[in-house]
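# okay, structure incoming, though there's no sequence with it:
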């Protein structure tokens, strides 16, 4: 069938489509997680319809047992399967961190390459929904700090589909972080290519071109950065916005090329600022381009606090457009 | 071990295979300990001595394509599953010729060709992973069985409870072997565990649980055989609590002040391997010269492995960044 209609869909549907495509391509792909089978199809409906289409052997509901979920995925991956394990909300990763950092991440190395762990851990994350401190956090930094893990965080539906299919067929374990606020919000919907659409890990996307400052981000904060770039343009500052898409591996060449051009950089993410990925990125830019920089790299991230419940405080936790604009201006003093 | 014959004993060939496995473990362990105490080698070493009967008892029921998962005190399981002695020694000594190119070490021995899939240094963590191997077999429709070994200490960690429950819910072909040596690190079981028998916990997950004298080769063989058969035929998991004793404490070099001297002395006096050897002869399963021949052969095998490992080079430096990912990411 040919059509000229653009396939506009929310990120939640694009992620569903990615799993559908991957399961259709390879019978070794299977899903496991809490509540993911019908009739609910997951608490956020991301796996809706898949257990009907592929059966409950391949779309498996689990007990509320995060360590058992990730452990089962690790073992099955070593044995030749490509499991996609869902951890409902990223804060729950603490329950199964041992399986991720000590096992999924290290087994290839510890076995001298004899055994590999090609699996994906899908998890939803993000503040802004009034869920409080234990259901809102971005915790990608721990996985970045665990050699052996890869980490992808999409900012739009097409990338979500393309990165997830790439992650499922990657030879290594990937933590796939899904910005929860973007799942079904039409404001974040976008065109998604049909079929086996893949976006490689480690390839950044320059979403706004500019010449005065490089704003480097990933996930939902890419949108905050785009809005900041618009605000800055009105003031005559030309900001380049780079969406990293994955942070292990990350496209260091693209970052360095952009900052070499603009001589100024701001790194932005939702995770708490202290020891977030932005700290690493800022450090790398300083190490490589210290003599080129017109100003120190600025970081914008979540405040260094547990995420508050009250909506005014929660909003204050999150990086805002004004915070990014202010950080850019600090590089222009 | 009783000196009378046992109508429930396996055939002679199986008995001799079990003896051979135990003798390999004992010989390798004695060599590691003598090389450590004499300062010939330095390594982190958790002696399995005293527990070898358990590994031999389940291993003779397994095929090469069955999976075994074990822990840092795993030498007996590695040998029982058939990890080659040379590569095993080289891995323990951190050599490039080791099973894992020297990058894993004693706590992470892996040899998929033998079915030794994971050795973990984290208490209890192998249990959920073993479920993954069981799930893979179940999804593929093979009749492969996974045996996962752990200690009594692991029965008090979350992964044990999550893992056994999931295995029961999914009827996974996994045999959970709790090698209960009565101590979790430096703490006696009675001070850490609210039940007298860990096998009692099986009932709460809805699977059979059995406590067996892990130092009795025939009893261990029988119980393991039933559990492996149950798993292989799709009837689901079993928890085996095999009671035993570790002769050399938690970690080699450990002063063992938390183990009563008389208790340890009595356990070592009741060493299950010499008792098994005597029983084999007394009941006509083997004669002295047959067993001596096996022992000599194993001594030569270990000598060769020691020679191979000590003369092997360390891993080349270009291995530093390989095997982190499929591609090199620094």
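Good, I have the coordinates. Quick caveat, the model's predicted, so the values are computed rather than measured.

# which helix or strand contains the residue in the stretch 151-300 of chain B that chain A sits nearest to?
Residue of the stretch 151-300 of chain B nearest chain A, by CB to the nearest CB: residue B:162 (3.8 Å). Bear in mind the C-beta positions are built from the backbone N, C-alpha and C, glycine included. Taking DSSP states H and E as the definition, residue B:162 sits inside helix B:158-169.

# what about that helix, average pLDDT?
The pLDDT scores in helix B:158-169 average 98.

# what's the following helix or strand after it?
On the C-terminal side of helix B:158-169, the nearest following helix or strand under DSSP H and E is strand B:174-180.

# what angle do that next one and helix B:158-169 make?
Computed by axes from the mean of the first three to the mean of the last three CA atoms, to 10 degrees, the angle separating strand B:174-180 from helix B:158-169 equals 140 degrees.

# hey, where'd the helices end up in the chain?
In the absence of a named chain, chain A is used. Along chain A, counting by DSSP state H, helices occupy A:11-25, A:50-54, A:66-78, A:97, A:107-110, A:140-144, A:157-168, A:221-234, A:252-262, A:277-289, A:311-317, A:321-330.

# my question was about chain B, not that one.
Counting by DSSP H, the helices of chain B are B:12-37, B:52-59, B:75-81, B:85-92, B:126-140, B:158-169, B:202-205, B:217-232, B:261-269, B:272-282, B:288-310.

# among the ones you listed, which comes closest to residue A:119?
Nearest to residue A:119 among the helices of chain B is helix B:126-140; the distance by CB to CB comes to 9.3 Å.

# between helix B:217-232 and that closest one, find me the angle.
Using the same axes, to 10 degrees: helix B:126-140 against helix B:217-232 is 50 degrees.

# any residue of helix B:126-140 touching chain A?
Yes. Helix B:126-140 is in contact with chain A by CB under 8 Å from any CB of the partner chain, via B:127-137, B:139.

# okay, now the unreliable bits of the stretch 201-333 of chain A?
The stretch 201-333 of chain A contains no residues with pLDDT under 70.

# and it, which residues reach chain B?
Residues of the stretch 201-333 of chain A lying near chain B (CB under 8 Å from any CB): A:248-249.

# now the stretch 201-333 of chain A against chain B: closest residue?
Relative to chain B, the nearest point of the stretch 201-333 of chain A is residue A:249 (4.8 Å; CB to the nearest CB).

# what is the burial count for the closest residue to that residue other than its chain neighbours?
Leaving out its chain neighbours, the residue that sits closest to residue A:249 by CB to CB, 6 or more residues apart in numbering or on different chains is residue A:202, at 3.7 Å. By other CB atoms under 10 Å in any protein chain shown, 20 other residues sit near residue A:202.

# on that earlier part again, I'd like the helices of chain B as CSV, with mean neighbour count appended.
What follows is those, written out as CSV (neighbours: other CB atoms under 10 Å in any protein chain shown):
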stretch, mean neighbour count
helix B:12-37, 19
helix B:52-59, 29
helix B:75-81, 28
helix B:85-92, 25
helix B:126-140, 28
helix B:158-169, 24
helix B:202-205, 16
helix B:217-232, 22
helix B:261-269, 12
helix B:272-282, 18
helix B:288-310, 15
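
# quick one: the closest residue to chain B within the stretch 151-300 of chain A and residue A:107, what's the gap?
Closest to chain B within the stretch 151-300 of chain A is residue A:171: 3.9 Å, counting by CB to the nearest CB. Remark: distance between residue A:171 and residue A:107 (CB to CB, to the nearest Å) = 12 Å.

# do residue A:218 as well
According to CB to CB, residue A:218 stands 27 Å off from residue A:107.

# which one's more surrounded, residue A:171 and residue A:107?
Between residue A:171 and residue A:107, residue A:107 has the larger neighbour count (other CB under 10 Å), namely 26 against 14.

# re earlier: which residue, other than its chain neighbours, is closest to the residue of the stretch 151-300 of chain A closest to chain B?
residue B:326 (3.9 Å).

# quick check: residue A:225 touching residue A:327?
No. At 10.3 Å, residue A:225 and residue A:327 do not qualify as touching, with contact defined as CB atoms under 8 Å.

# just the pLDDT for residue B:8.
89.

# tell me which residues touch it, please.
B:218, B:222 (CB atoms under 8 Å, 6 or more residues apart in numbering or on different chains).

# now do residue B:128
A:67-72, A:74-75, A:99, B:159, B:162-163, B:166.

# just give me the closest of these to residue A:116.
For those, the nearest to residue A:116 is residue A:74 (10.7 Å; CB to CB).

# check contacts around the closest one.
By CB under 8 Å, 6+ apart, the residues touching residue A:74 are A:99, A:103-104, A:107, A:117, A:119, B:128-129, B:132.

# name the nearest of those relative to residue B:246.
Closest to residue B:246, out of all of the contacts of residue A:74 and judged by CB to CB, is residue B:129, at 23.4 Å.

# just to check, that closest one is in contact with residue A:77?
No. With contact defined as CB under 8 Å, residue B:129 does not reach residue A:77; the gap is 9.7 Å.

# turn the contacts of residue A:74 into TSV, including pLDDT and distance to residue A:259.
Output for these, formatted as TSV (pLDDT from 0 to 100; distance: CB to CB, whole Å):
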residue	pLDDT	distance to residue A:259
A:99	98	37
A:103	98	36
A:104	98	33
A:107	98	36
A:117	98	34
A:119	98	34
B:128	98	43
B:129	98	42
B:132	98	43
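
# pop out the phi and psi values for residue A:318.
Per-residue torsions, residue A:318: phi -80, psi 140 (degrees, to the nearest 10).

# hmm, residue A:72 and the residue of the stretch 151-300 of chain B closest to chain A touching each other?
No. Counting by CB under 8 Å, residue B:162 stays clear of residue A:72, with 9.7 Å between them.

# let's check: the centremost residue of the chain is which one?
Just going to use chain A. residue A:153 (1.2 Å; CA atoms, centre = their mean).

# not quite, go with chain B.
Geometric middle of chain B (CA atoms, centre = their mean) lands on residue B:77, at 2.7 Å.

# looking at that residue now. What's its pLDDT?
We have a pLDDT of 98 for residue B:77.

# ok, and the closest non-adjacent residue to residue B:159?
Leaving aside its chain neighbours, residue B:159 sits nearest to residue B:124 (4.1 Å; criterion: CB to CB, 6+ apart).

# dump the residue contacts of that neighbour.
Residues in contact with residue B:124 (CB under 8 Å, 6+ apart) are B:150, B:153-155, B:157-160, B:163.

# run the last query once more with 10 Å
Counting by CB atoms under 10 Å, 6 or more residues apart in numbering or on different chains, residue B:124 touches A:67, A:71, A:98, B:71, B:150-151, B:153-163.

# repeat for residue B:197
B:178, B:180, B:209-211, B:241, B:243.

# beta partners for residue A:241?
Following DSSP bridges, residue A:241 is listed with bridge partners residue A:208, residue A:215.

# that one contacts residue A:205, correct?
Yes. Under the criterion of CB atoms under 10 Å, residue A:241 makes contact with residue A:205 at 9.3 Å.

# shared neighbours, the two?
What both residue A:241 and residue A:205 touch, as defined by CB under 10 Å, 6+ apart, is the set residue A:222.

# so the two - more neighbours on which side?
Each of residue A:241 and residue A:205 has its neighbours counted (other CB under 10 Å); residue A:241 has more, 28 against 18.
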